[in-house]
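[1] Dropping the sequence and predicted coords here.
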Amino acid sequence: QFESFLTTLLNKNLDGRSIKSTHNDRPNNWGTHAGAARVAIDRYTGDTVDLAAAANVFKGWLGDRNAYHGFEFGDLAWQYNASHPVAINPKGATKNGQNIDGVLPDDQRRGCGFQWPACKEGYTWEALQGATVQAQLLSNAGYDVWNWSDKALLRAVTWLYNVNSFPPEGDDTFIPWIINKAYNTSFRTVSPVAIGKNMSYTDLTHR
């Protein structure tokens, strides 16, 4: 009965959207959190068919437009290639001579249009909450997500830390523990971590 309830949630109408449709068309924090819920449900219920579909959407979100490109993007100011928008800018991306490799354009644009120095927009970390949980769950299911699109998640976190000088705060602090574990990196962490919107206690589980 509980599995049936979870399956129903995937397509339940929530103000005109569903978990699945939000994952499929929103390239920002809404979509990543919906994706984390979708993947968690698929893993719990054993729905390998929808899990594969969700993995393709996530692969597209990380930058592989051949896997999936059905997202509805907002302002394209932070995109490396506005005619082929992605949720994480590709490796080596620059704009007006500035490093935008790893920028999350559809969340970064919510703080400002393209400018330098870049604004520090919290929705970028918010989107990475959902993305890192998707990656962890898909990795546990055997998908090579940490390496997709030239290690897109690593590049996203690297840009926020090293280029934008904007480490996570508050309920985003669980993220670097996951990234450090996945990539054997040493981004600054805090412990105890705050309770995230979809994961926490990574200072215990990902040491």
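    Yep, it's here. Numbering: from 1, shown residues only.

[2] Which residue ranges of the protein form strands?
    94-95, 98-99 (DSSP state E).

[3] mind giving me CSV with those and columns for mean neighbour count?
    (Glycine included, C-beta is placed from N, CA and C.) Listed next are the strands of the chain as CSV, based on neighbours: other Cβ atoms under 10 Å:
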stretch, mean neighbour count
strand 94-95, 13
strand 98-99, 16
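
[4] Next, format these as CSV and append distance to residue 152 and mean pLDDT.
    Formatted as CSV, the strands of the chain follow (distance: least, Cβ to Cβ, whole Å; pLDDT from 0 to 100):
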stretch, distance to residue 152, mean pLDDT
strand 94-95, 17, 98
strand 98-99, 15, 98
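
[5] Just put those strands in TSV and tack on distance to residue 57.
    Converted to TSV, those look like this (distance: least, Cβ to Cβ, whole Å):
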stretch	distance to residue 57
strand 94-95	26
strand 98-99	27
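
[6] Of these, which is nearest residue 119?
    Residue 119 lies closest, by Cβ to Cβ, to one member of the strands of the chain: strand 98-99, at 13.0 Å.

[7] Enumerate residues external to the closest one that contact any of its residues.
    Applying Cβ atoms under 8 Å, 6 or more residues apart in numbering, the contact partners of strand 98-99 are 93, 116, 118, 159, 163.

[8] which helices and strands sit right next to the lowest-mean-pLDDT helix or strand in the chain?
    Across the helices and strands of the chain, mean pLDDT, DSSP states H and E gives its lowest value to helix 2-10, namely a mean of 94. In terms of contacts (3 or more Cβ pairs under 8 Å, 6 or more residues apart in numbering; DSSP states H and E), helix 2-10 is packed against helix 19-25, helix 29-45.

[9] Thanks a lot, see you next time.
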